[in-house]
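A.B. asks: how does the following fold in three dimensions:
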Amino acid sequence: MASGSPQRDRAESFTAPDQVNHRRYEALRGFFVDGLTHAQAGERFGYTRWAMVNLVREYRAGRLELFAPPRRPGPPPGTTPAKDRARARVIELRRDGLSTYEISARLAAEGTPLNRTSVGEILAEEGFGRLLRHPAEQASTAVSTAGRDTRLPKTAALDFATWPARLDTGKAGLLLLIPDLPSTCPPSSLRPAIPAPASCRPPRGCCRCWR
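C.D. replies: Residues are numbered from 1 along each chain as shown. Coordinates of the predicted model:
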């Protein structure tokens, strides 16, 4: 074949390949198909004799992967086309105050179904918080939800003057929330009508109400 023939224009792609796996393939092909020795194949493709010996050994042991396995049908790993297509619409519906369930139902009605799990993942990725249905209907705790009052009620000290004189409750622990209880009530009113068993009494010194 003449040196100037069209077949020789890109011959260096096979005689001196740039990619590592391609170079390994050509070196192994020279050894197994063309009958080159380890030293000859290594010299031709830039390997030492011992590197070529190791290359042949790894290939025979099945530990050398020269070609990428065929990709399975469907989108590449790590991609989520359905989520990516619906992302903008999910954000829009969330800003309208719809819950995860409502967004999923709306997308299904619009012909772009997306399950609730994927909707929740999009909302979490975009920084949306959980919806609060009470006390303010369709209020969101996320600042990214526009047009909603996301402020929670402020805490305030209790005004005991507004409380009734008598308060019946089955949870006596409520009394422990009142500051300085012994000084606000006569000592006699703090004693239980029925003596509590020793096993039910709090440790000595933890509450002055049990003196």
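A.B. asks: neighbours around the nearest residue to residue 64 once chain neighbours are set aside, how many?
C.D. replies: Across the structure, with C-beta to C-beta, 6 or more residues apart in numbering as the measure, the residue nearest residue 64 apart from its sequence neighbours is residue 58 (4.3 Å). In short, each C-beta sits where N, CA and C put it, glycine included. Using other C-beta atoms under 10 Å as the criterion, residue 58 is surrounded by 14 other residues.
A.B. asks: show me what the strand or helix carrying residue 58 packs onto, helices and strands only.
C.D. replies: Per DSSP states H and E, residue 58 falls inside helix 49-60. For helix 49-60, the helices and strands in contact under the criterion 3 or more C-beta pairs under 8 Å, 6 or more residues apart in numbering; DSSP states H and E are helix 20-32, helix 38-45.
A.B. asks: which parts of whichever helix or strand comes after that helix are buried?
C.D. replies: Moving toward the C-terminus from helix 49-60, the next helix or strand (DSSP H and E) is helix 81-95. Residues 83, 86-87, 89-91, 93-95 are the ones in helix 81-95 that count as buried (16 or more other C-beta atoms under 10 Å).
A.B. asks: beyond helix 81-95, next helix or strand please.
C.D. replies: According to DSSP H and E, the helix or strand after helix 81-95 is helix 100-109.
A.B. asks: for that following helix, C-alpha coordinates in CSV please.
C.D. replies: The C-alpha atoms that make up helix 100-109 are tabulated as CSV, following Å, rounded to 0.1, in the frame of the first residue of the first chain:
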residue,chain,number,x,y,z
THR,A,100,-47.0,17.8,48.3
TYR,A,101,-50.2,15.7,47.8
GLU,A,102,-52.0,18.5,46.0
ILE,A,103,-49.0,19.3,43.7
SER,A,104,-48.7,15.6,42.7
ALA,A,105,-52.5,15.4,42.0
ARG,A,106,-52.3,18.7,40.0
LEU,A,107,-49.4,17.4,37.9
ALA,A,108,-51.3,14.2,37.2
ALA,A,109,-54.3,16.2,36.0
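A.B. asks: could you chop the protein up by domain?
C.D. replies: Residue ranges for the domains of the chain, per automatic domain parsing: 11-60, 81-140.
A.B. asks: list the contacts of residue 21.
C.D. replies: Contact partners of residue 21, counting by C-beta atoms under 8 Å, 6 or more residues apart in numbering, are 66-67.
A.B. asks: need the contact partners of the helix holding residue 58.
C.D. replies: Contacting residues not belonging to helix 49-60 are listed as 24, 27-28, 31, 38-39, 41-42, 47, 64, 66 [C-beta under 8 Å, 6+ apart].
A.B. asks: 10 Å - rerun?
C.D. replies: By C-beta atoms under 10 Å, 6 or more residues apart in numbering, the surrounding residues in contact with helix 49-60 are 23-25, 27-28, 30-32, 36-45, 47-48, 63-66.
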